[in-house]
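[1] Structural data only, the sequence is not supplied:
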C-alpha cells in the first residue's frame, strides 16, 4: 500500500492563497476614493451590462474584482442580508461594518475549506456618512480578512502600484472632478511605469453622494456628465438629473 502524499497545513494554505491572488491579479483594477461630498468608485470596465460596482442598500455600495460568477453570488447574498435586516429591524441597522463581517465569514469559510477552491475575488464595501469623518470603507481579500481603509483604496491586478500613487496624491476635501481625475490617472499607470489612455467609454463610475435628498445615495455617472467631470467641468458634486441605476457587478477583466 502506497503512503499518502502529505502536504503541511501551512503549505496548503499558502498554495491556496497564491492561487487566489493569481486569479485576482488578472482582473482590471477598481479604485475607491473619498471626496468632499461622498465616495466615488472608478473601475476600468468597457462593459455596459456587467458591472463591477453595485448598490447594496441606501448608503452602502459594493465593488469587486475577480471571477464574475463568484462575486455576483456574494453581491446577491449581501442584498438579501441587507433587505432582511432592514425589514426585520430598522433601515439604520444595515451598516457597511455588518455587511463586511458577513462577507468575511463567507470568504474565510470557503478559503479554509479543503473541499472547494478559494474564491478568486477581492471586495470593497463602502458606506457614506453624514460627514467625511463618518464614511466607512472596508477591503476584503480572498481569505476573509477585513482591512479598514481611509481616503483611498485599490484592488485588482495592479493594486499595489495604484495604491502607492493614490497615497501620495489623495487629500481631504477634493471635489468629485478632482477625485475622479486622480482615480483615472492611477488606473492608467502600468506595471512598467508607463501610462495608458482611458476614455469615458472604458470606465465605470458611480458615487455615494451624501448631498442627495433621497434616502438612496447611490448613483451612476454616465455619458456626457462623466465626460464633463473628466474635463474638470463638473463642480463638487454629481450633476443633478443624471440617470441612476442599481446595477450588477462585473467580469474579472
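    Looks like it came in fine. Every value quoted in this text rests on a predicted model; they were computed, and no experiment measured them. Residues are numbered from 1 along each chain as shown.

[2] C-alpha only now, for contacts and for neighbours.
    Will do.

[3] mind checking the SS state of residue 220?
    What DSSP: H, G, I helix; E, B strand; the rest coil gives for residue 220 is strand.

[4] Next one: the nearest residue to it once chain neighbours are set aside from residue 90, what distance?
    Distances taken as C-alpha to C-alpha, 6 or more residues apart in numbering place residue 206 nearest to residue 220, at 4.1 Å, with adjacent residues excluded. Distance from residue 206 to residue 90, counting by C-alpha to C-alpha, to the nearest Å: 26 Å.

[5] which residues pair with the residue sitting nearest the centre point of the chain across the strands?
    Centroid-nearest residue in the chain, with C-alpha atoms, centre = their mean: residue 63, separated by 2.6 Å. Taking DSSP bridges as the rule, residue 63 bridges to residue 53, residue 124.

[6] which residues touch it?
    Taking C-alpha atoms under 8 Å, 6 or more residues apart in numbering, we find residue 63 in contact with 30, 41, 52-54, 123-125, 249.

[7] The same query, at a cut-off of 10 Å, please.
    30-32, 41-43, 51-56, 71, 75, 122-126, 139, 155, 248-250 (C-alpha atoms under 10 Å, 6 or more residues apart in numbering).

[8] and what of residue 171?
    If you count contacts by C-alpha under 10 Å, 6+ apart, residue 171 has them with 33-36, 151-152, 179.

[9] quick one: secondary structure of it?
    Residue 171 - assigned by three-state DSSP - is coil.

[10] mind pulling up the phi and psi values for it?
    Main-chain dihedrals, residue 171, degrees, to the nearest 10: phi -140, psi 160.

[11] Figure out how far stretch 121-137 is from the centre of its chain.
    Put simply, stretch 121-137 sits 10 Å off its chain's centre (C-alpha atoms, centre = their mean, to the nearest Å).

[12] Also stretch 89-101?
    17 Å.

[13] Can you give me the end-to-end span of it?
    18 Å.

[14] May I see the buried residues of that stretch?
    Residues of stretch 89-101 classed as buried: 94-97, 99-101 (neighbour count, 16 or more other C-alpha atoms under 10 Å).

[15] where exactly do the strands run in this protein?
    Using DSSP state E, the strands found in the chain span residues 30-35, 38-44, 53-57, 60-66, 121-127, 136-140, 147-149, 152-155, 203-209, 218-221.

[16] Next, format the ones you listed as a markdown table and append distance to residue 9 and mean pLDDT.
    A markdown table is the format used below for the strands of the chain (distance: least, C-alpha to C-alpha, whole Å; pLDDT from 0 to 100):
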| stretch | distance to residue 9 | mean pLDDT |
| --- | --- | --- |
| strand 30-35 | 32 | 96 |
| strand 38-44 | 36 | 96 |
| strand 53-57 | 35 | 96 |
| strand 60-66 | 25 | 96 |
| strand 121-127 | 22 | 97 |
| strand 136-140 | 23 | 97 |
| strand 147-149 | 24 | 95 |
| strand 152-155 | 27 | 95 |
| strand 203-209 | 40 | 96 |
| strand 218-221 | 43 | 96 |
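
[17] so can I have JSON lines of those showing distance to residue 229?
    Putting these into JSON lines (distance: least, C-alpha to C-alpha, whole Å) gives the following:
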{"stretch": "strand 30-35", "distance to residue 229": "13"}
{"stretch": "strand 38-44", "distance to residue 229": "12"}
{"stretch": "strand 53-57", "distance to residue 229": "19"}
{"stretch": "strand 60-66", "distance to residue 229": "21"}
{"stretch": "strand 121-127", "distance to residue 229": "22"}
{"stretch": "strand 136-140", "distance to residue 229": "23"}
{"stretch": "strand 147-149", "distance to residue 229": "25"}
{"stretch": "strand 152-155", "distance to residue 229": "19"}
{"stretch": "strand 203-209", "distance to residue 229": "11"}
{"stretch": "strand 218-221", "distance to residue 229": "9"}
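
[18] Sounds good, over and out.
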